[in-house]
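Asks: Next one to model:
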Amino acid sequence: MKLNERSLAFYATCDSPADNSGFLYKRGERHTAYHRRWFVLKGNMLFYFEERDSREPVGVIVLEGCNVELCESAESFAFAIRFGGAKSRTYVLVAESQAAMESWVKSLSRASFDYMRVVVRELEKQLQEMSRELA
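Replies: Purely as a prediction, here's the structure:
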């Protein structure tokens, strides 16, 4: 499948259900101030927008090969999305409450295909065990 800005923008704003959405504060890469952004998680893609009603995402983070973890920060309710590799970017995000932070960390941790693969393998294993018990 070929992805481009137009197809990503369509997917980000189409009516398909989001796995999570809400405002988070994102620390800039060059300027380290926090900016309030509207985030939408769909599958393994985390889109962020200037405002809730924006039609074009400002950016997208593909959540493969990352770890989501709480981080030390002057701000409360901070967490980070870290990618492996020496020059990989770490995204520092801040939620508006403890409950929102926990919800985001849980959603983001489950967003990768690697996580889904583990879940499918575990379910297949359980199904095989149940089939053996019934036979």
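Asks: Strands of the protein, start to end?
Replies: 20-27, 34-42, 45-49, 59-62, 66-70, 78-83, 90-94 (DSSP state E).
Asks: Same list (the ones you listed) but as TSV, adding mean neighbour count.
Replies: To be clear about C-beta, it is placed using only N, CA and C from the backbone, and glycine gets the same treatment. What follows is these, written out as TSV (neighbours: other Cβ atoms under 10 Å):
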stretch	mean neighbour count
strand 20-27	18
strand 34-42	18
strand 45-49	22
strand 59-62	16
strand 66-70	16
strand 78-83	19
strand 90-94	20
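Asks: What is the neighbour count of E50?
Replies: If you count neighbours by other Cβ atoms under 10 Å, E50 ends up with 13.
Asks: longest single helix anywhere in this protein?
Replies: helix 113-134 (DSSP state H).
Asks: Give me the buried positions along that helix.
Replies: Using 16 or more other Cβ atoms under 10 Å as the test for burial, helix 113-134 gives no buried residues.
Asks: And for stretch 94-106?
Replies: 94-95, 100-101, 104-105.
Asks: neighbouring contacts of it?
Replies: Residues lying outside stretch 94-106 but in contact with it, judged by Cβ atoms under 8 Å, 6 or more residues apart in numbering, are 20, 22-27, 34, 39, 68-70, 73, 75-79, 93.
Asks: rerun at 6 Å
Replies: Stretch 94-106 has contacts (Cβ atoms under 6 Å, 6 or more residues apart in numbering) with 24-25, 68, 75, 77-79.
Asks: what does stretch 46-53 give?
Replies: So stretch 46-53 is contacted by 12, 37-40, 57-61, 63 (Cβ under 6 Å, 6+ apart).
Asks: So what pairs up with M45 in the strands?
Replies: Bridge pairing for M45 (DSSP bridges) gives the partners K42, V62.
Asks: Distance-wise, check it relative to V118.
Replies: 19 Å (Cβ to Cβ, to the nearest Å).
Asks: Also V40?
Replies: For V40, the distance to V118 - Cβ to Cβ - is 24 Å.
Asks: low-scoring stretches of the protein, by residue?
Replies: Where the chain drops to pLDDT under 70, the residues are 1-3.
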